[in-house]
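K.L.:
Generate a structure from the sequence data that follows.
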Amino acid sequence: MLKQGFLVLSICFLSACNGDGTSSSSSTTVSTSKNTVDESTLTLKQLVGKKLFFDANLSEPAGQSCASCHDPDFGFSDPDQIMSTSQGVHLDRFGDRNTPTAAYAAFSPDFHYDEIEGLFVGGQFVDGRASTLKEQAKGPFLNILEMANPDKATVVSKVANSSYATLFQQIYGFNAFSNIETAYDNIADAIADFEKTSFFSPFTSKYDAYLAGKATLNEIELLGLKVFEDEKKGNCAACHPSQPSNGVPPLFTDFTYDNLGVPRNENNQFLNLPEHFNKNGRNHKDLGLGGTTHVNNSAEYGKFKVPTLRNIALTAPYMHNGVFKTLREVVEFYNTRDIDLKWGIPEVADNVNREELGNLKLTDEEMNALVIFMTTLTDGYN
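P.N.:
Numbering: from 1, shown residues only. Below is the predicted model:
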């Protein structure tokens, strides 16, 4: 249904970092348990972006980095798979949404309205409130529920006093920190450039190997693929395209927005926050795309961005509010939402997609096969 792009890499284990999150090793190769990257493959801007991404000093108080909620070992999502939504640097604060993956985010087109399709498309965050990766990178630093810096000047000061400040100046000039707005903009620019590397979008899953003729899917995986693509079965590929397009491997999202009728999550910790952080308390209702200031349209209430399914097996919990803990539960919801009362009512009952899900009539075998097929989308296949 839509668009693509293309993308290069690196990482540092926080436990092996200096106080500003930079590597204490003299080697240019840094790694996690699953990821090893040669920093020599990065441009200088990407290297600075990497240092910013993993710098746990850039929160207030120090202790949380971008990677804290976008951990590469968990598909660039939150490693805490127990909590429905992410915990901030202040341990008594929680966001209202489940952290989306940062993997493959660089392929999302800038936020726009497609006149032909009659749909909003692209952007960043699950409600599309940031048009680009660069705009998205500016948000968490100042979010009182996340990294909680009081202002841009605080973030800029921390970068100016980091071990990589001179590298930042090599890119943006000797006076790179003299103007707060410009410096903050450039901090986001470097992070976004790092997120455009193949570290975030490696295309190394079993399914990629299968499409390249270098791996074979087994019987149950093939059944899952069939159910995934069959318009009379799962029809998942309608919103999560599974075939290459314009020379780019499948991204498993069309970057559009939809209200799936997801039920309210009564275990969302955000609902218990004091009025200072959550003015509506337990009456909070997430309006999604339609509630953003740049859309502000009741016809879009309850709609959230179609996520990529790449690495989906690593990124539990699921849905915008983390209401489902397993992929099997998600598939069951799609299959029986409209015929099983256990799912309850949608958090936002308007604009629910009732044409493409709710009573798919899938068998247990077909649901299991779907789940197993989605595990073939995990990067790092050997």
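
K.L.:
going forward, measure contacts and count neighbours with C-alpha atoms only.
P.N.:
Noted.

K.L.:
list the buried ones in the strand or helix carrying residue 329?
P.N.:
Under the criterion of DSSP states H and E, residue 329 resides in helix 327-336. Neighbour-count burial for helix 327-336, counted by 16 or more other C-alpha atoms under 10 Å, picks out 327, 328, 330, 331, 332, 333, 334, 335, 336.

K.L.:
Export those to JSON lines and append columns for distance to residue 105 and pLDDT.
P.N.:
Below are those laid out as JSON lines (distance: C-alpha to C-alpha, whole Å; pLDDT from 0 to 100):
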{"residue": "327", "distance to residue 105": "21", "pLDDT": "98"}
{"residue": "328", "distance to residue 105": "25", "pLDDT": "98"}
{"residue": "330", "distance to residue 105": "22", "pLDDT": "98"}
{"residue": "331", "distance to residue 105": "23", "pLDDT": "98"}
{"residue": "332", "distance to residue 105": "27", "pLDDT": "98"}
{"residue": "333", "distance to residue 105": "26", "pLDDT": "98"}
{"residue": "334", "distance to residue 105": "24", "pLDDT": "98"}
{"residue": "335", "distance to residue 105": "28", "pLDDT": "98"}
{"residue": "336", "distance to residue 105": "30", "pLDDT": "98"}
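
K.L.:
Nearest to residue 297 among those?
P.N.:
Checking the buried residues of helix 327-336 against residue 297 with C-alpha to C-alpha, the nearest one is residue 334 at 25.8 Å.

K.L.:
Does the closest one touch residue 362 like I think?
P.N.:
No: look at residue 334 against residue 362 with C-alpha atoms under 8 Å: they stay out of range, at 9.7 Å.

K.L.:
How many residues are close by residue 118?
P.N.:
8 (other C-alpha atoms under 10 Å).

K.L.:
ok, it to residue 299 distance?
P.N.:
Distance, residue 118 to residue 299, by C-alpha to C-alpha, to the nearest Å: 12 Å.

K.L.:
just to revisit the earlier point, quick check, nearest of the buried residues of helix 327-336 to residue 126?
P.N.:
Residue 126 lies nearest to residue 330 out of these, by C-alpha to C-alpha, at 17.5 Å.

K.L.:
Number of residues surrounding the closest residue to that closest one other than its chain neighbours?
P.N.:
Of all residues not flanking residue 330 in the chain, residue 324 sits nearest, at 6.4 Å (C-alpha to C-alpha, 6 or more residues apart in numbering). Per other C-alpha under 10 Å, the neighbour tally for residue 324 reads 19.

K.L.:
Check residue 299 too.
P.N.:
Count around residue 299 with other C-alpha under 10 Å applied: 13.

K.L.:
distance of it from residue 120?
P.N.:
12 Å.

K.L.:
what about the closest residue to residue 244 other than its chain neighbours, how many neighbours?
P.N.:
Of all residues not flanking residue 244 in the chain, residue 250 sits nearest, at 4.5 Å (C-alpha to C-alpha, 6+ apart). Residue 250: 21 surrounding residues under other C-alpha under 10 Å.

K.L.:
residue contacts, residue 250?
P.N.:
241, 242, 243, 244 (C-alpha atoms under 8 Å, 6 or more residues apart in numbering).

K.L.:
Any quick PyMOL command for the buried ones out of those?
P.N.:
Command for PyMOL that selects the buried part of the contacts of residue 250, burial taken from 16+ other C-alpha under 10 Å:
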select buried, resi 241+242
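
K.L.:
Now render the contacts of residue 250 as JSON lines, adding pLDDT and secondary structure.
P.N.:
Output for the contacts of residue 250, formatted as JSON lines (pLDDT from 0 to 100; DSSP: H, G, I helix; E, B strand; the rest coil):
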{"residue": "241", "pLDDT": "98", "secondary structure": "coil"}
{"residue": "242", "pLDDT": "98", "secondary structure": "coil"}
{"residue": "243", "pLDDT": "98", "secondary structure": "coil"}
{"residue": "244", "pLDDT": "97", "secondary structure": "coil"}
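
K.L.:
Kindly reformat the contacts of residue 250 as TSV containing distance to residue 70.
P.N.:
Shown next, in TSV, are these (distance: C-alpha to C-alpha, whole Å):
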residue	distance to residue 70
241	24
242	24
243	26
244	26
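
K.L.:
And the contacts of residue 250, which is closest to residue 126?
P.N.:
residue 241 (18.4 Å).

K.L.:
is it true that the closest one touches residue 255?
P.N.:
No: using C-alpha under 8 Å, residue 241 is not in contact with residue 255, being 10.3 Å away.

K.L.:
list the contacts for residue 291?
P.N.:
297, 298, 300, 301.

K.L.:
Which member of those residues is positioned nearest residue 98?
P.N.:
After measuring the contacts of residue 291 against residue 98 - C-alpha to C-alpha - the closest member comes out as residue 301, at 17.8 Å.

K.L.:
that older thread, secondary structure element for the residue nearest to residue 244?
P.N.:
Per DSSP H and E, there is no helix or strand for residue 250.

K.L.:
Tell me where this structure has strands.
P.N.:
29-31, 36-38, 112-114, 119-121, 257-258, 304-305 (DSSP state E).

K.L.:
Comparing those, which yields the minimum mean pLDDT?
P.N.:
Lowest mean pLDDT of those: strand 29-31, a mean of 31.

K.L.:
Would you mind listing the buried residues in the top helix by length along the chain?
P.N.:
Identified as the longest helix of the chain according to DSSP state H is helix 180-195. Of all the residues in helix 180-195, those buried under the rule 16+ other C-alpha under 10 Å are 180, 183-195.
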